[in-house]
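# Provide a 3D model corresponding to the input given below.
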Amino acid sequence: MRFLARIIGFLCVAGGFVALVIDGTRTIANASWAPLALGDVAGRAFPKLLPALQPAVERLHPLLWSPLLTSLLATPAFVVGIGLGFVLLLLGRRPVRQDTAFLAGR
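Numbers count the residues shown, from 1 in each chain. Below is the predicted model of the structure:
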């Protein structure tokens, strides 16, 4: 399970870095900072899923969509990718091993 978390974490960090490079080239070309939002990326990757997501989430609770998910979808994609990747890498790291010889007093 740790292996899967680490692989997905590395892929998310790589995807976030790619999104950062794309935002950088767009910034140089347009001479203004306009990062690509996560909602735009999700809309291009899954064109039928995003419009169907809003009614399903609003059925659970209306406050989940309006302040929570809309602000998450407005976040720059590189921030979400790199942040999620680092969290998964932290979850997938090896646990700290206690040295039993040191604890036994040898």
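# can you pull out the helices in the chain?
2-30, 38-45, 49-60, 62-63, 70-74, 77-91, 100-104 (DSSP state H).
# Just name the most buried of these.
Ranked by mean neighbour count, those are led by helix 77-91 with a mean of 17 (mean count of other C-beta atoms under 10 Å). Just so you know, the C-beta spots here come from the backbone N, C-alpha and C atoms, and that holds for glycine as well.
# And it, how far out from the chain middle?
5 Å (C-alpha atoms, centre = their mean, to the nearest Å).
# Just the angle for it relative to helix 2-30, thanks.
160 degrees (axes from the mean of the first three to the mean of the last three C-alpha atoms, to 10 degrees).
# Present the helices of the chain as TSV; the columns should include mean pLDDT.
Listed next are those as TSV, based on pLDDT from 0 to 100:
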stretch	mean pLDDT
helix 2-30	94
helix 38-45	91
helix 49-60	87
helix 62-63	84
helix 70-74	90
helix 77-91	95
helix 100-104	57
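# looking at it, Arg93 is touching Phe3, isn't it?
No. Between Arg93 and Phe3 there is no contact under C-beta atoms under 8 Å: 11.3 Å.
# Contact partners for the nearest residue to Ala37 once chain neighbours are set aside?
Among residues not flanking Ala37 along the chain, Ala74 sits closest, at 5.3 Å (C-beta to C-beta, 6 or more residues apart in numbering). Ala74 is in contact with Ala37, Leu38, Gly39, counting by C-beta atoms under 8 Å, 6 or more residues apart in numbering.
# So which of those residues is the closest to Phe86?
Of all the contacts of Ala74, Phe86 sits closest to Leu38, with 16.2 Å by C-beta to C-beta.
# contacting residues for the closest one?
Contacts of Leu38 by C-beta under 8 Å, 6+ apart are Leu72, Leu73, Ala74, Thr75, Pro76, Ala77, Val80.
# rerun at 10 Å
The neighbours of Leu38, taking C-beta atoms under 10 Å, 6 or more residues apart in numbering as the test, are Ala19, Leu72, Leu73, Ala74, Thr75, Pro76, Ala77, Phe78, Val79, Val80, Gly81.
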